[in-house]
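# Just to be clear, the model below is a prediction. Sequence and coordinates:
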Amino acid sequence: MSYRAKRIATVLGSILLLGVGWYAFFWPKPLPPPDESRRVNHPAGYSLIVPEGFEGSTNVVGDGTYSDWIHGLDTSYTAGSPTIGVRRFRSVPDRATLSDQGYKFTDTFQGHEAIVFNGPRGRGKLSQWNWRMVVKIEGDWFELYATDLQLFDYHKHIYKRFLESFAYQPVTSAATQPAPDPIALPATRGS
């Protein structure tokens with residue numbers, strides 16, 4: 001083998017070795033399937049399983065658009081972390097506004113019609129691929145979402161299994177429960 005052929009083989013071998021090393025070190029590890037012990041329960045009656053390595057949190061105060069939410073954040077990243085979560089709307093979302101925000105097609109979620117946004121959001125290096133769906137369940141409107149730095153096909157990705165772990169049992173507060181029947185008092189004499 002000539003000197004030139006040896007040099008080309010060495011360079012190509014080095015590039016291949018660096019590529020495999022980069023892939024093994026930097027490529028994200030696959031997520032394990034949903035584990036019921038990782039379920040985050042919200043006081044409002046809904047819950048979601050967050051992946052291993054994600055930190056799950058709840059918010060009960062909300063903001064101008066959402067009443068409250070569950071948010072899961074991948075703690076292995078310092079910036080642009082993948083997220084998964086669910087937010088409950090304060091009021092019925094406007095379809096025209098959702099359409100303007102990129103919610104362009106429909107799908108189904110747990111047997112309910114969902115309005116879906118599927119695409120990138122953000123700018124520059126922190127741009128993330130988003131799968132967001134707005135769905136009405138038990139009279140309340142929710143936005144379920146998964147975001148990642150890499151393009152992903154929701155229907156083939158494990159994020160789908162985590163979002164499908166969503167469960168909702170509406171909590172009725174004492175203010176909305178009917179008052180107990182009044183106690184029948186015996187008739188008084190002379191009436």
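Thanks, I have the structure now. Model, not experiment: these values are computed from the prediction. Numbers count the residues shown, from 1 in each chain.
# contacting residues around the lengthiest helix in the chain?
Counting by DSSP state H, the longest helix found in the chain is helix 3-26. Helix 3-26 has contacts (C-beta atoms under 8 Å, 6 or more residues apart in numbering) with residue 1. For every residue, glycine as well, the C-beta is placed using N, CA and C.
# go again using 10 Å as the cut-off
The contact list for helix 3-26 (C-beta atoms under 10 Å, 6 or more residues apart in numbering) reads 1-2.
# Same question for the helix or strand following that helix: list its buried residues.
Sequence order places strand 39-41 as the next helix or strand after helix 3-26, per DSSP states H and E. For strand 39-41, burial by neighbour count (16 or more other C-beta atoms under 10 Å) applies to residue 40.
# can you check stretch 103-123 too?
Going by neighbour count (16+ other C-beta under 10 Å), the buried part of stretch 103-123 is 103, 109, 114-118.
# on that earlier part again, show me how far the longest helix of the chain is from its chain's centre.
Put simply, helix 3-26 sits 39 Å off its chain's centre (C-alpha atoms, centre = their mean, to the nearest Å).
# Output the buried residues of stretch 103-123 in a markdown table, with distance to residue 91, secondary structure and pLDDT appended to each entry.
Compiled in a markdown table, the buried residues of stretch 103-123 are given as follows (distance: C-beta to C-beta, whole Å; DSSP: H, G, I helix; E, B strand; the rest coil; pLDDT from 0 to 100):
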| residue | distance to residue 91 | secondary structure | pLDDT |
| --- | --- | --- | --- |
| 103 | 16 | coil | 92 |
| 109 | 20 | strand | 95 |
| 114 | 18 | strand | 95 |
| 115 | 15 | strand | 95 |
| 116 | 20 | strand | 95 |
| 117 | 19 | strand | 94 |
| 118 | 24 | strand | 91 |
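# Closest to residue 52 out of those residues?
residue 109 (23.2 Å; C-beta to C-beta).
# Verify the contact between the closest one and residue 168 for me.
No. At 11.6 Å, residue 109 does not count as touching residue 168 under the criterion of C-beta atoms under 10 Å.
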